[in-house]
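A.B. asks: Here's my sequence, what's the structure:
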Amino acid sequence: MTSMKQTLRIHHHHGYTLVEVMVVIMIIMILAGLSIGGLQFVNARRDNNKAEIQINLLSRGIEEYKLDNGDYPGDENAGGLDGSTQTNMLFKALYYDGLLAGDDGTASIYLADLDPENDSQKWIEGSGASSKIIDPWKAEFRYRRGSDALNPDYDLWSMGKDGLTAGNGADDKDKDDIANF
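C.D. replies: Numbers count the residues shown, from 1 in each chain. Below you'll find the model as predicted:
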């Protein structure tokens, strides 16, 4: 015979304690911090690689220009030590003058990637003859030749993320520069 008295079982559901919730939140914050830090590292590495590739492309165009014209583009010593005044001239020599010349053979396009109308690399600022070649940090590339250059032919560089340069490769301002010297 079964007992008429039924045992009533009460199930208590225990919630999480404040300490347990805090530990979970801290773990999530640490993982998020690591992810964000890793993403920043990846983005910085991507921008550095992009600047290196752009310098190599520009260098190839400059060398092709020299083969056709007998000298490197730009005026010797016009860029000064910081190389800041030659970027627009470099754009004209490597792309714009060739675009204007058309089929008459007086000039060539040495780097078609500099086309501002199809700027997939996002490295052209401005339009037409006033365009400038910019690095991944939106600053102009630097170019110089002549006695101010460290290389015997020309120097080409990006100021890097900090946007500062002394242009000599040895200054603290140059620590993140990406250069051909």
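A.B. asks: From Lys122, how far off is Lys161?
C.D. replies: Distance, Lys161 to Lys122, using C-beta to C-beta, to the nearest Å: 16 Å. (C-beta placed from N, C-alpha, C; glycine too.)
A.B. asks: Which of those two has more residues huddled nearby?
C.D. replies: Set side by side, Lys161 and Lys122 show more neighbours around Lys161, with 17 against 10, by other C-beta atoms under 10 Å.
A.B. asks: ok, which stretches of the protein are helices?
C.D. replies: Here the chain has its helices, by DSSP state H, at 18-69, 87-91, 97-101.
A.B. asks: got those helices as CSV, with mean neighbour count columns?
C.D. replies: Shown next, in CSV, are the helices of the chain (neighbours: other C-beta atoms under 10 Å):
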stretch, mean neighbour count
helix 18-69, 13
helix 87-91, 22
helix 97-101, 16
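A.B. asks: Same list (these) but as CSV, adding mean pLDDT.
C.D. replies: Shown next, in CSV, are the helices of the chain (pLDDT from 0 to 100):
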stretch, mean pLDDT
helix 18-69, 91
helix 87-91, 88
helix 97-101, 80
